[in-house]
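S.K.: Following is a predicted model, sequence given first.
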Amino acid sequence: MNSRWIGDVSVSAIGLGGMPMSIEGRPDEARSIATIRAALDAGVTLIDTADAYHRDAAEVGHNELLIAKALAGYGGDASGVLVATKGGHLRPGDGSWTLNGHPEYLKRAARASAARLDVEAIGLYQFHRPDPQVDYADSVGALRDLLDEGVIRMAGISNANVDQIRLAQEILGTRLASVQNQFSPAYRSSQAELDLCAALGIAFLPWSPLGGISRASTLAGKGEAFEKIGNELGVSPQQVCLAWELSLAPIVIPIPGASRPASIQDSARASEITLTHDQITELSA
């Protein structure tokens, strides 16, 4: 599989989003572990998770534990896998989401994530979502402290706007490694953030790059052009979608979610597709 960079770490051009394996409607553990290992077999070396990827209140970190178990029992070489996790977004267990961007909370959450992932330092730790009750600079300052303390190796932010990216870069300097925002054919409001990341050389990780867990089969209603070109190339429209996102800038690394081995195997092949200029223009329109 083709590769791209997050900070000074080379990763696969397509990552694996772990959320579908841990929230409502999730598969059994055996299928989830098989999905993670199928991703590794396909050459995926970036796995995205969060401590909030769980269903019930008492199982915080469910997805982190699942990933750690899958990696520990993998028969191949997983030493080059970068696991990216997030903190600051919580699920009380009733299906809702809450926020906590207080620096001391983020520091505790990062250490708890490291323990669940069974690592001395988290490869990439991202502030999950801005908390309007906390100064954004204070939340990002916690990432700076975690870097200085060696709890995390790289720092990123998620669900951030242009001003927040610039502020985080000011606080972290060259140590701001990634921005993870929603981006897909049906959701392009983060184009300005993608363009800024391209200008600054910061990895941009689109979440829900196929339009969301329940809408990926139709690319959230935007799949007609992608299906047409997929038929021309003999590949799935989902592969075309991911290849289109990769074509937008060399810093883009989509992280499609998956809960079945076949899904991530299909997604992984997208990095081998080369779209023509005319095809990219048609899809971008």
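M.R.: That came through, no problem.

S.K.: Please enumerate the strands of the stretch 101-250 of the chain.
M.R.: Using DSSP state E, counting those that start in this stretch, the strands of the stretch 101-250 of the chain run over residues 124-127, 155-158, 176-180, 203-204.

S.K.: With distance to Asp8 as added columns, please give the ones you listed in JSON lines.
M.R.: Yep, even glycine has a C-beta here, placed from its N, CA and C like the rest. Shown next, in JSON lines, are the strands of the stretch 101-250 of the chain (distance: least, CB to CB, whole Å):
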{"stretch": "strand 124-127", "distance to Asp8": "12"}
{"stretch": "strand 155-158", "distance to Asp8": "13"}
{"stretch": "strand 176-180", "distance to Asp8": "9"}
{"stretch": "strand 203-204", "distance to Asp8": "11"}
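
S.K.: For Gly223, find the nearest of those.
M.R.: The closest of those to Gly223 is strand 203-204. By CB to CB, the value is 22.2 Å.

S.K.: Could you name the helices and strands sitting against the closest one?
M.R.: Counting contacts by 3 or more CB pairs under 8 Å, 6 or more residues apart in numbering; DSSP states H and E, strand 203-204 packs against strand 3-6, strand 176-180, helix 191-200.

S.K.: out of the strands of the stretch 101-250 of the chain, which comes closest to Ala78?
M.R.: Across the strands of the stretch 101-250 of the chain, Ala78 has its closest neighbour in strand 124-127 (15.7 Å, CB to CB).

S.K.: which residues touch the closest one?
M.R.: Here strand 124-127 makes contact (CB atoms under 8 Å, 6 or more residues apart in numbering) with 6-7, 9, 82-88, 101, 106, 110, 113, 139-140, 142-143, 146, 151-158, 177-178, 180.

S.K.: Which ChimeraX command selects the buried ones in those residues?
M.R.: One line in ChimeraX is enough to select the buried members of the contacts of strand 124-127, burial here meaning 16 or more other CB atoms under 10 Å:
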select :6,7,9,82,83,84,85,86,87,88,101,106,110,113,139,140,142,143,146,151,152,153,154,155,156,157,158,177,178,180
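
S.K.: Filter the contacts of strand 124-127 down to just the ones in helices.
M.R.: Among those, the members falling in helices (DSSP state H) are Leu106, Ala110, Ser113, Ser139, Val140, Ala142, Leu143, Leu146.
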